[in-house]
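Participant: would you be able to build a 3D model of this:
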Amino acid sequence: MRIMRLLLNSCFRFSTTYVGSQKSLKTGCSSQILSFHQRKMVHYQMEERGKPNTLDYRIYFKTSDGKYISPFHDIPLFAGEDQIATKDPLNPIRQDVKKGKLRYVANVFPHKGYIWNYGALPQTWEDPSHEDNDTKGCGDNDPIDVCDIGSKVCSPGEVIQVKVLGILAMIDEGETDWKIIAINVEDKDAANINTIDDVRKLKPGYLESTVDWFKKYKVPDGKPENQFAFNGEFKDKDFAIEVIKSTHQFWKALTLKQTDGGAINCKNVSVCNSPFQCSKEDACSIVQSAPAFGISNALPEEVNKWHFLPNDS
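Facilitator: I've put the predicted structure just below:
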C-alpha cells in the first residue's frame, strides 16, 4: 500500500463545532496519506501570522530546522521521500473569502460543521484544463481533497499519514472535485479498515452521510445541490490511487511550468528543476512581511445557525 501525506487545511471555510480543529476548517492546501509500512515522519512547524478570524490571518509552514516552505509544493506526497492559499506566495493556510467576507461552513441538519478531518494532498493538482474521461468534467484548480475518517480531531495545518480507502467523484458546478476517503494510520481502527467496504461494515452510515454532506453543504449559500459521477458510488482504493497519481503528474507539470497554472502561486524551496524555486532567505522574507500574530477576533453568531432543508423525495 502506498504511503502518502495529508495536510489538514483551514483555508477555505470554518465550521462551528470544532473551531480550531481540522473537523472545523476547510482549506485549499495540502494533505498527507500513508500505508502500514511505517517510515520516519518528517515533522513540520507552523507559524501563525495576523489575527485569527480576520482577512489577514495565515498559517505558514517550516521544517524542523526552521526553513520556511510551501505546504502545497515542498511537502512530499509520498511518505518516505525527502523532497494550501494556492494563490499566495508559499501557499499559507488561510480562510476562504467571498465578497470581502470570511466564509463559514453552514450547519445543515443533522451535520454540525465537518464530519471528518478535511485536508488535501500536497504535490497534487486537479488541472482545470483536463477533462476526465469518466466524469466528463475538468479539474477544480486545487490540490485533491481528503476526508480522514479517523476519530482524532486534528488541528489546522497538522500533517498526518493516512491510508487511502476509496474515492468519491463530486461534480461541483460542472467541475470534477475528487474526494479521497482515508484513515489516519495511528487511528485505533486503522488496522481493521483497509478498503471502502470495511468502512461500510465498521462505520455503517458514514459513507452515506458523507454523500449527503457534500450534496447539501452549499445549499444555504443559495447554490444548487452538488451532483456526483458514478451515481454517487464510491470507487475502490486502486481507482483512488490512479487518480492521485494523475493529479501528481499534473502538479509536476505545473511546477515545471509545462502548463499554465493561471493565478496559482508555484513558489517553492525544494522542487528540483522548478523555475519557481526560491532561496530560504526569500521564503523567510515572505513570511516576515505578513502581519504579526495577534488576538483572535470573535466568531460571528452565524456560525451557530442551523439550516433545515427539505428531505429528498
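Participant: quick one: strands adjacent to the longest strand along the chain?
Facilitator: Longest strand in the chain by number of residues, with DSSP state E as the criterion: strand 159-172. For strand 159-172, the paired strands and their directions (DSSP bridges) are strand 4-8 (antiparallel), strand 175-184 (antiparallel), strand 227-228 (antiparallel), strand 235-236 (antiparallel).
Participant: where in the stretch 1-150 of the chain is pLDDT low?
Facilitator: In the predicted model of the stretch 1-150 of the chain, residues 1-3, 9-42, 79-83 satisfy pLDDT under 70.
Participant: all strands of it, in order?
Facilitator: Per DSSP state E, counting those that start in this stretch, the stretch 1-150 of the chain carries strands over the ranges 4-8, 13-14, 25-26, 44-49, 58-63, 68-69, 97-98, 101-102, 107-108, 117-120, 138-139, 145-148.
Participant: nearest to Lys237, of the ones you listed?
Facilitator: Closest approach to Lys237 among these (Cβ to Cβ): strand 4-8, 11.6 Å. Every residue, glycine included, has its C-beta placed from N, CA and C.
Participant: just the CA trace of that closest one, in PDB.
Facilitator: The C-alpha coordinates for strand 4-8 follow below in PDB (Å, rounded to 0.1, in the frame of the first residue of the first chain):
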ATOM      1  CA  MET A   4       1.300   9.500   1.300                       C
ATOM      2  CA  ARG A   5       1.000  12.600   3.300                       C
ATOM      3  CA  LEU A   6      -2.100  14.600   4.300                       C
ATOM      4  CA  LEU A   7      -2.100  18.200   5.200                       C
ATOM      5  CA  LEU A   8      -5.100  19.200   7.300                       C
END
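Participant: tell me the contacts of the residue nearest to Ser274 when sequence neighbours are not counted?
Facilitator: Leaving aside its chain neighbours, Ser274 sits nearest to Thr255 (4.7 Å; criterion: Cβ to Cβ, 6 or more residues apart in numbering). Taking Cβ atoms under 8 Å, 6 or more residues apart in numbering, we find Thr255 in contact with 73, 266, 268, 271, 274, 276.
Participant: for the closest residue in space to Pro92 that isn't next to it in sequence, name its beta-bridge partners.
Facilitator: Spatial nearest neighbour of Pro92, chain neighbours left out: Arg58 (4.0 Å); criterion: Cβ to Cβ, 6+ apart. With DSSP bridges as the criterion, Arg58 is bridged to Arg49.
Participant: and if you look at Gln45?
Facilitator: Lys62.
Participant: any idea how many residues pack against the residue nearest to Thr176 when sequence neighbours are not counted?
Facilitator: Using Cβ to Cβ, 6+ apart and skipping the chain neighbours, the partner closest in space to Thr176 is Gly137 (3.9 Å). If you count neighbours by other Cβ atoms under 10 Å, Gly137 ends up with 22.
Participant: now do the phi/psi pair for Ser209.
Facilitator: With angles defined as degrees, to the nearest 10, Ser209 sits at phi -70, psi -30.
Participant: ok, now Ser285?
Facilitator: phi -60, psi -40.
Participant: how close does it get to Gly294?
Facilitator: To Gly294, Ser285 is 20 Å away according to Cβ to Cβ, to the nearest Å.
Participant: what does Val164 give?
Facilitator: In terms of Cβ to Cβ, Val164 sits 38 Å off from Gly294.
Participant: out of the contacts of Thr255, which is most surrounded?
Facilitator: Going by other Cβ under 10 Å, His73 tops the contacts of Thr255 with 30 neighbours.
Participant: neighbours around the spatially closest residue to Thr54 that is not a sequence neighbour, how many?
Facilitator: Spatial nearest neighbour of Thr54, chain neighbours left out: Asn297 (5.3 Å); criterion: Cβ to Cβ, 6+ apart. By other Cβ under 10 Å, the residues close to Asn297 number 13.
Participant: so Asn297 makes contact with Lys51?
Facilitator: Yes. Between Asn297 and Lys51 a contact is recorded at 5.8 Å, counting by Cβ atoms under 8 Å.
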